[in-house]
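Novice: Got a predicted structure plus its sequence, pasted below:
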Amino acid sequence: MGRLLLYDALDMTFETITLRKRPACPVCGDLPTITALIDYEEFCGVPGYPHDTDQQPRSSGTATLPALSVQEIRARLEAGGPLMLLDVREPHELLISHLDQGVNIPLSQMADRWQEIPRDRPVVVFCRSGARSANLIAELQSAGYTNLINMTGGINAWSREIDPSIPRY
């Protein structure tokens, strides 16, 4: 016999339910057919990464994504080279934090606006932590873009290492 604990946060109560084992259960039955966890990355088609950190997603396939640290990006901006910062976060995220020199094209609008991304100069793409921007770069590379660079750690890394006045979320 198994037990299931139910918690009602509104009433602050607990209830325990006893469950009978089903002999035909594909996980715990007499002849289980599911014996291992699925490969999440293969199942979902996107690289996994720890959501509680600013770690970059793992590279999928053989293609590698060009990336720069926030320190390297700041140095390039200070040197005055032709560099565009592309913020792909959604409008509600811009209310929390933004970079003044960043141009915003939200991911939700990218299908209609990707042509606005220049091909004639380096474009540093960033989001909150670097995961969404990395996924977008991988997609745009398959469409022929060769000038896109991911900001390692996203705007949260910028806040931590360059400008602590920018809120992290």
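Specialist: Perfect, thanks for sending it.
Novice: Can you tell me how far the most centrally placed residue in the chain is from Trp158?
Specialist: In the chain, the residue lying closest to the centroid (Cα atoms, centre = their mean) is Ala131, at 2.8 Å. The gap separating Ala131 from Trp158 is 15 Å, by Cβ to Cβ, to the nearest Å. C-beta coordinates here come from the backbone N, C-alpha and C atoms, glycine included.
Novice: what do you get for Trp114?
Specialist: For Trp114 relative to Trp158 (Cβ to Cβ), the value is 24 Å.
Novice: Run a quick neighbour tally on the residue lying closest to Gly130 once chain neighbours are set aside.
Specialist: Of all residues beyond its chain neighbours, the one nearest Gly130 is Gly154 (4.4 Å), with distances taken as Cβ to Cβ, 6 or more residues apart in numbering. Residues contacting Gly154 under the criterion other Cβ atoms under 10 Å number 26.
Novice: For Gly154, give me phi and psi.
Specialist: As for Gly154, its main-chain torsions (degrees, to the nearest 10) stand at phi 60, psi -160.
Novice: try Trp114
Specialist: According to degrees, to the nearest 10, Trp114 has phi -60, psi -20.
Novice: what's near enough to touch it?
Specialist: Each residue near Trp114 by Cβ atoms under 8 Å, 6 or more residues apart in numbering is listed here: Ile105, Leu140, Ala143.
Novice: Please spell out the PyMOL selection for the buried subset of the residues you listed.
Specialist: Listed next is the PyMOL selection for buried residues among the contacts of Trp114, using 16 or more other Cβ atoms under 10 Å:
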select buried, resi 105+140
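Novice: and the contacts of Trp114 as CSV, adding distance to Arg121, secondary structure and pLDDT?
Specialist: Listed next are the contacts of Trp114 as CSV, based on distance: Cβ to Cβ, whole Å; DSSP: H, G, I helix; E, B strand; the rest coil; pLDDT from 0 to 100:
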residue, distance to Arg121, secondary structure, pLDDT
Ile105, 16, coil, 98
Leu140, 15, helix, 94
Ala143, 17, coil, 88
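Novice: Fine by me, we can end here.
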